[in-house]
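Enquirer: Let's see this in three dimensions:
(one chain, ligands or ions: 1)
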Amino acid sequence: MIQKLIANIKKTNAPIVVGLDPMLSYVPEQVQKKAYAEFGETLEGAAEAIWQFNKEIIDHTYDLIPAVKPQVAMYEQFGVPGMAAFKKTVDYCKEKGLVVIGDIKRGDIGSTSAAYATGHLGRVQIGSKSYVPFDEDFVTVNPYLGSDGVNPFIDVCKEEKKGLFILVKTSNPSSGEFQDQLIDGKPLYELVGERVAQWGESCMGEEYSYIGAVVGATYPEMGKALRKIMPKSYILVPGYGAQGGKGKDLVHFFNEDGLGAIVNSSRGIIAAYKQEAYAKFGPEHFGEASRAAVEAMVADISSALESR
Ligand SMILES: O=C(O)c1cc(=O)[nH]c(=O)n1[C@@H]1O[C@H](COP(=O)(O)O)[C@@H](O)[C@H]1O
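Expert: As a prediction, the model looks like this:
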């Protein structure tokens, strides 16, 4: 799957991910009204509204982008219908040729991690039959439990040719509370980065490993250090746009080959129609506003990379 991700990035010339984090408050009124007319103001109604919202955004952007990242929490909040909308979103994006990164941030004791990996990346055996439950291409993994919490995900990736992005240095303001703590003079995030590089060694695609890392755009200097520590790992970089990250902050997350990083923006793209810069589109044309926001993001990152 890392090869498909790289091929899609080269084809679109856009090292970006559209984050499908559909809060109900981002879904324009006309979409909500239509969904509630059919399903009522219910969990089913909300799930239909976020699915229709996603579909419109995907239809307006899929040809410009290599990948999407649905954030499972945004679907889970609507219970079982929400998870059905998650699955519909995954399937639809794959039909459109996009790589799907399931942002699930899981990680537990080995046996539990194995079940998460089965559900999201693998296949489950039921009697004589096997099923692929959610079937994302990559998932995000929390490494706090150590190797035995991560290895079951790696095992499934090897079997199914899928991939991981392991949290190394997160974009949020409090990420330093634990991640920056020094251990024998080295910050914890660097130790985790070194482990990600090791885990990745036995999981190589052609030039890059299918075991990648998450490093926030909001910490560019740390990104620069981590790029060197994990030269063969793809870095998923969230924090662009709504959290303040800009193209110029991102250049050091990339390798000299122009590859190695993929930058996520969720609210900045899916709720673009609410921003002043895209207000001319109005809520009726929210998909077109998202497309314009994708184009602007790609231009910003490309010009930063060209002038480095
Ligand atoms: O794993 C992630 O994607 C992630 C890691 C991180 O350090 N920071 C971070 O914001 N994220 C996710 O990236 C998305 C960022 O959303 P926006 O701030 O709206 O672009 C959300 O889905 C977050 O859960």
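
Enquirer: which parts of the longest helix along the chain are buried?
Expert: Assignment by DSSP state H gives helix 286-306 as the longest helix of the chain. Using 16 or more other Cβ atoms under 10 Å as the burial criterion, the residues of helix 286-306 that qualify are 286-294, 296-298, 300-301, 304-305. (Each C-beta comes from the backbone N, C-alpha and C, glycine too.)

Enquirer: hang on, isn't residue 301 packed against residue 263?
Expert: Yes: contact criterion Cβ atoms under 8 Å: residue 301 and residue 263 qualify, at 6.2 Å.

Enquirer: residue ranges for the strands of the stretch 151-300 of the chain, please.
Expert: Applying DSSP state E, counting those that start in this stretch to the stretch 151-300 of the chain gives strands spanning 163-169, 182-183, 186-187, 209-215, 233-237, 261-265.

Enquirer: returning to what we had before: out of the buried residues of helix 286-306, which one sits closest to residue 55?
Expert: residue 287 (9.1 Å; Cβ to Cβ).

Enquirer: For the longest helix of the chain, which helices and strands make contact with it?
Expert: Helices and strands touching helix 286-306, by 3 or more Cβ pairs under 8 Å, 6 or more residues apart in numbering; DSSP states H and E, are strand 16-20, helix 43-61, helix 247-250, strand 261-265, helix 267-270.

Enquirer: do the last one and the ligand meet at all?
Expert: What that stands for is helix 267-270. Yes: Helix 267-270 lies within reach of the ligand by Cβ under 6 Å from any ligand atom, at 267-268.

Enquirer: what does that helix contact?
Expert: By Cβ atoms under 8 Å, 6 or more residues apart in numbering, the residues outside helix 267-270 that reach it are 18-22, 26, 53, 57, 61, 240-242, 275, 290, 293-294, 297.

Enquirer: ditto for the first one
Expert: The set of residues that contact strand 16-20 without belonging to it, under Cβ under 8 Å, 6+ apart, is 54, 57-58, 61, 65-71, 74, 89, 93, 101, 103, 236, 238, 262-267, 269-270, 290, 294, 297-298, 301.

Enquirer: about what we covered before: keep only the contacts of helix 267-270 that also lie close to the ligand.
Expert: Restricting those to those touching the ligand (Cβ under 6 Å from any ligand atom) yields 19, 21, 241-242.

Enquirer: Just give the closest residue to residue 217, not the sequence neighbours.
Expert: Counting by Cβ to Cβ, 6 or more residues apart in numbering, residue 245 is the residue found nearest to residue 217 once chain neighbours are left out, at 2.9 Å.
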